[in-house]
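Asks: here's a sequence, model it:
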Amino acid sequence: MQESKKSPHSQALYSQILNEIREHILSGDLAVGTRLPPEAEIAQQHQTSRGTVRQALSILVTEGLLERIQGSGTFVRKLPSKQEGKQQQPPAKKNVGLILSQAGDELNMDILLGVEQVVKPRGYQLSFAYAEEDPQALAFDIARLRANTVGLIIFPISNSSHDSSIEQLKTDSFPFVLVDRYIPEIDCDYVVSDNIGGGYRGTEHLLILGHTRIGFVCSSRGGLLTTSVRDRWEGYRKALKEYNQVYDESLVYHNAPTPAPDPPNVYDDIMTSADRPSAFLAVNDAVALGLLQAAQRHRIRVPEDVALVGFDDVSYAAHLSVPLTTIAQQRKELGGRAGTLLINRIEGQVVGTPKHIQLPTNLIIRQSCGARLRISSSSFDGRE
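Replies: Numbering: from 1, shown residues only. A predicted model of the protein is given here:
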């Protein structure tokens, strides 16, 4: 495996420079052999740094639209014909790429393991990179890995919509699969958890336990614009409606940081508010942990005074001071199914319309919800 990390830059200016030069080349406004202005001049024109310009030009070099000649400058290359393009495929034809959203995250790591377990036995090598939730880095990694692979698996960053680099993959019919999150504006292959079902089941469980004021807490990163988060919220709303409870926007908290910072912080504010809900559904286990720690700082008992349900079932969830009731995802299976779908698409075993795969989620009942039932887990796939 190969790993790559990129530093953040201005997404708006970066995209503007990249798209502007690409359009001028493809339209013929910049003829073959044309020397581009120096990086410093381009940076001054766009009121940005040379680093931003350099990285935009690097992607165009990777795409084969530009070439750098040491001591002379950057020039427009001759565009290959379709037939030449076929003859100039990268020699490593059995490489696939994986772009993860962030390093060190348990979900990302399990997805990586799941992909590895599938692609290697089928004869493919895997290169991977971390976008670190940065649109600029994601675009760079897509361009770099695309030049050396025959397909990509992409964990979209939070708040992805109308992502031009991913849209370009679809326009060019380059095989790719999204994992964990999808982008509503781009109809493509994806593998995700049944987040609506998971959000519904977590909320339903708290309703059955007698709670009527249930808060929904999501992280400050992306919020409800991230599809996995929005779908969990939709499941939360669906359960409230079906159990004849009024949806209250004031019980939806959008700004919980992960990991939780040193106190005092937003978790303390939530836990000590005068109209605190009697229970919370957290968008993930990291948020649930932040709530639990805040409760303990203020001597608020979990689950006697407030009940908690998380989402993910990360490795530490069962070992907290109050073991966490949570919604489990099949994290490695997400990667495995994405890897299988990608290779089947590459090899022509899957053709036609995009495939949308949802994996069931499981409710894992522990102590934090206050349930007295002796049940370890139950399955729910979100269907009526």
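Asks: now do stretch 358-367: distance to the chain's middle.
Replies: Computed by CA atoms, centre = their mean, to the nearest Å, the chain-centroid distance of stretch 358-367 equals 20 Å.
Asks: just the strands in the stretch 201-350 of the chain please.
Replies: Ranges of strands in the stretch 201-350 of the chain, per DSSP state E, counting those that start in this stretch, are 214-219, 252-256, 279-282, 307-312, 325-328.
Asks: quick one: those strands as JSON lines, columns for mean pLDDT, mean neighbour count and distance to residue 149 too.
Replies: In short, each C-beta sits where N, CA and C put it, glycine included. Converted to JSON lines, these look like this (pLDDT from 0 to 100; neighbours: other CB atoms under 10 Å; distance: least, CB to CB, whole Å):
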{"stretch": "strand 214-219", "mean pLDDT": "94", "mean neighbour count": "24", "distance to residue 149": "31"}
{"stretch": "strand 252-256", "mean pLDDT": "87", "mean neighbour count": "19", "distance to residue 149": "36"}
{"stretch": "strand 279-282", "mean pLDDT": "98", "mean neighbour count": "30", "distance to residue 149": "36"}
{"stretch": "strand 307-312", "mean pLDDT": "98", "mean neighbour count": "28", "distance to residue 149": "29"}
{"stretch": "strand 325-328", "mean pLDDT": "98", "mean neighbour count": "26", "distance to residue 149": "31"}
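Asks: out of the ones you listed, nearest to residue 190?
Replies: strand 307-312 (18.7 Å; CB to CB).
Asks: name every strand pairing with that closest one and say which way it goes.
Replies: strand 279-282 (parallel), strand 325-328 (parallel) (DSSP bridges).
Asks: which one of these lies closest to residue 229?
Replies: Nearest of these to residue 229, taken as CB to CB: strand 279-282 at 11.0 Å.
Asks: got a markdown table for the strands of the stretch 201-350 of the chain, with distance to residue 198 too?
Replies: Below are those laid out as a markdown table (distance: least, CB to CB, whole Å):
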| stretch | distance to residue 198 |
| --- | --- |
| strand 214-219 | 13 |
| strand 252-256 | 17 |
| strand 279-282 | 10 |
| strand 307-312 | 6 |
| strand 325-328 | 4 |
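Asks: about what we covered before: closest one to residue 230 among the strands paired with strand 307-312?
Replies: The closest of the strands paired with strand 307-312 to residue 230 is strand 279-282. By CB to CB, the value is 13.8 Å.
Asks: ok, back up a step: out of the strands of the stretch 201-350 of the chain, the one nearest residue 153 is which?
Replies: strand 307-312 (19.6 Å).
Asks: just give me the neighbour total for residue 51.
Replies: By other CB atoms under 10 Å, the residues close to residue 51 number 14.
Asks: tell me which element it is part of?
Replies: Per DSSP states H and E, residue 51 falls inside helix 50-62.
Asks: pull the CA atoms of that helix into PDB?
Replies: Backbone C-alpha positions of helix 50-62 (Å, rounded to 0.1, in the frame of the first residue of the first chain) are rendered in PDB as follows:
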ATOM      1  CA  ARG A  50       2.100  30.300  -5.400                       C
ATOM      2  CA  GLY A  51       1.500  27.100  -3.500                       C
ATOM      3  CA  THR A  52      -2.200  27.100  -4.600                       C
ATOM      4  CA  VAL A  53      -1.200  27.700  -8.200                       C
ATOM      5  CA  ARG A  54       1.500  25.100  -8.100                       C
ATOM      6  CA  GLN A  55      -0.800  22.400  -6.900                       C
ATOM      7  CA  ALA A  56      -3.500  23.200  -9.500                       C
ATOM      8  CA  LEU A  57      -0.800  23.000 -12.200                       C
ATOM      9  CA  SER A  58       0.400  19.700 -10.800                       C
ATOM     10  CA  ILE A  59      -3.000  18.200 -11.300                       C
ATOM     11  CA  LEU A  60      -3.100  19.300 -14.900                       C
ATOM     12  CA  VAL A  61       0.400  17.800 -15.400                       C
ATOM     13  CA  THR A  62      -1.000  14.500 -13.900                       C
END
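Asks: I'd like the strands paired with strand 307-312 as TSV, with distance to residue 76 appended.
Replies: Shown next, in TSV, are the strands paired with strand 307-312 (distance: least, CB to CB, whole Å):
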stretch	distance to residue 76
strand 279-282	52
strand 325-328	52
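Asks: buried set for stretch 310-325?
Replies: 310, 311, 312, 313, 314, 317, 320, 322, 324, 325 (16 or more other CB atoms under 10 Å).
Asks: for it, the distance to its chain's centre please.
Replies: Worked out by CA atoms, centre = their mean, stretch 310-325 lies 22 Å from the chain centre.
Asks: so what touches that stretch?
Replies: 106-107, 198-199, 202, 205, 232, 281-289, 292, 296, 302-303, 308-309, 326-329, 331, 362-369, 371 (CB atoms under 8 Å, 6 or more residues apart in numbering).
Asks: which of those are buried?
Replies: Listed as buried from those are 107, 198-199, 202, 205, 232, 281-289, 292, 302-303, 308-309, 326-329, 331, 362-369, 371; burial here means 16+ other CB under 10 Å.
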